[in-house]
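# Below are the sequence and a predicted model; questions follow.
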Amino acid sequence: MKSRITTFFMIILMFFIIAAIVIFSLIFLGEFSGTDVGNQIDEFVSKVTSLGKDESNENVQSAGVIETQVNELETAGNGNAKDNNYEGVEISNKYFYEQLNETSKTFYRAFEQNKENMKSGTYQIEFGNTFYDVLSKPNGDSDLGDYYQSAVETYLYDNPDIFYLDVNKMYLNIETITKGRKVSYNVFINSGNENSYLEDGYTYEIINQKSAQIQNVVDTLLMRKTGNVYNDIKMIHDYIIENVEYDSTISEQDIYNIYGTLVNGKAVCEGYAKSFQYFMNKLGIPSVIVIGEATNSSGDTENHAWNYVQINNVWYAIDTTWDDPVVVGGGRVREESKYRYFLKGENTLNEDHFPSGQFTQGGQVYTYPDLSLYDYE
């Protein structure tokens, strides 16, 4: 009897369980098919999807930064990246200035600050007792003279647009003032007994006239710039060798500066190198003038000037003077000869070019950028 009752209750229990499952299922399915719940689910899915997208974008951006950095590093060591663009904004080239000591930098900065005043050729630059620490030491006047000399030559080689100063007519004056036991100094720069420290034939008006002529050449040429560093370097190189004649007589005025090179169309190696540097400054492409010796095709070693220029953080040499050979009796030069010294590395250039790092005999010795071992290809 008990067994039958137990079985009966088990059957009833099973019935209620099955019924409950069926009812719960119907309610559950009915609710989730309703609009409100469906919208909540859609909103939740949307939020999850949106969050996933934000994280994905963040990852993509991070990957983009990494990829850019890698590409930049790869480009920096790849001389073949001829499609590399640059800003093309004029720069103030102070490569040699950074190698001066603080005393020489003081002179250099004074030249910069008085650039316009110095066009008069008679303006006196005053330093007063600025250099007391140097002058109060043994041989202080001699040391100050050396620091001044370094500042002058550095200023001119960093700034090839200063084509009108004759440094041989610029004098460093040192006055010693003694009052009892107190000693002070008055230092100034002027033209000494000369009428002017400008190059012969130059006046303030002539400087401005010639500067305007130079600017006309620059403006015309820079209209052709492409924003591609390789193409623009080549454009300047080609313009110089096609429009400038080497002055083998060493007799023309301005052959050592950018006016003679760009306006008169005649120059020696220093004029070529300064003009190339001047254009690189205008374009915002790092470059320097290199002074040293070179062995020509006749086997003779001579003083010479050329340039280093930077592409993709790598330095290469350019010698516009020797890419513009003098053709005796006229005739045309083979095309490949025009690029014999165009963007060359150390392995090629060192065969006949030997940098000295010294602009004047006995002057400061400068360091140059490390040249690429290999040519730009």
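Everything's here; your move.
# quick one, strands of the chain?
125-128, 171-179, 182-190, 245-246, 266-267, 287-295, 301-311, 314-318, 342-344, 353-355 (DSSP state E).
# Can you tell me the strand partners of the fourth one and which way each runs?
Using DSSP bridges, the neighbouring strands of strand 245-246 in the sheet come out as strand 266-267 (parallel).
# what is the mean pLDDT for the strand it pairs with?
What strand 266-267 shows for mean pLDDT is 94.
# if I pick the most centrally placed residue in the chain, what's in contact with it?
Centrality entry for the chain: nearest residue to the mean C-alpha point is residue 286, 2.8 Å, by C-alpha atoms, centre = their mean. Neighbouring residues of residue 286 by C-beta atoms under 8 Å, 6 or more residues apart in numbering: 91, 93, 95, 280, 309-310. The way it works is simple: take the backbone N, C-alpha and C, and place the C-beta from them, glycine included.
# mind running it again at 7 Å?
Applying C-beta atoms under 7 Å, 6 or more residues apart in numbering, we find residue 286 in contact with residue 310.
# between the strands of the chain, which one is nearest to residue 363?
With C-beta to C-beta as the criterion, residue 363 lies closest to strand 287-295 of these, at 10.0 Å.
# before we move on, the earlier item: can you redo the strands of the chain as TSV with distance to residue 235 and mean neighbour count?
Compiled in TSV, the strands of the chain are given as follows (distance: least, C-beta to C-beta, whole Å; neighbours: other C-beta atoms under 10 Å):
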stretch	distance to residue 235	mean neighbour count
strand 125-128	38	15
strand 171-179	41	12
strand 182-190	39	16
strand 245-246	19	16
strand 266-267	19	24
strand 287-295	14	20
strand 301-311	13	20
strand 314-318	13	24
strand 342-344	12	22
strand 353-355	23	18
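# pLDDT score for the residue nearest to the centre of the chain?
pLDDT, residue 286: 95.
# can you check the one 3 residues further on too?
What the model reports as pLDDT for residue 289 is 96.
# Is it bridged to anything, and to what?
With DSSP bridges as the criterion, residue 289 is bridged to residue 307.
# Verify the stated contact: it with residue 274.
Yes: with contact defined as C-beta atoms under 7 Å, residue 289 and residue 274 form a contacting pair (6.5 Å).
# Please tabulate the strands of the chain in CSV and include distance to residue 112 as additional columns.
As requested, the strands of the chain are exported to CSV (distance: least, C-beta to C-beta, whole Å):
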stretch, distance to residue 112
strand 125-128, 11
strand 171-179, 17
strand 182-190, 13
strand 245-246, 32
strand 266-267, 26
strand 287-295, 18
strand 301-311, 22
strand 314-318, 26
strand 342-344, 31
strand 353-355, 26
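# Could you report the neighbour count for residue 220?
Under the neighbour criterion other C-beta atoms under 10 Å, residue 220 is assigned a count of 10.
# do the one 3 residues further on as well
A count of neighbours around residue 223, defined by other C-beta under 10 Å, yields 7.
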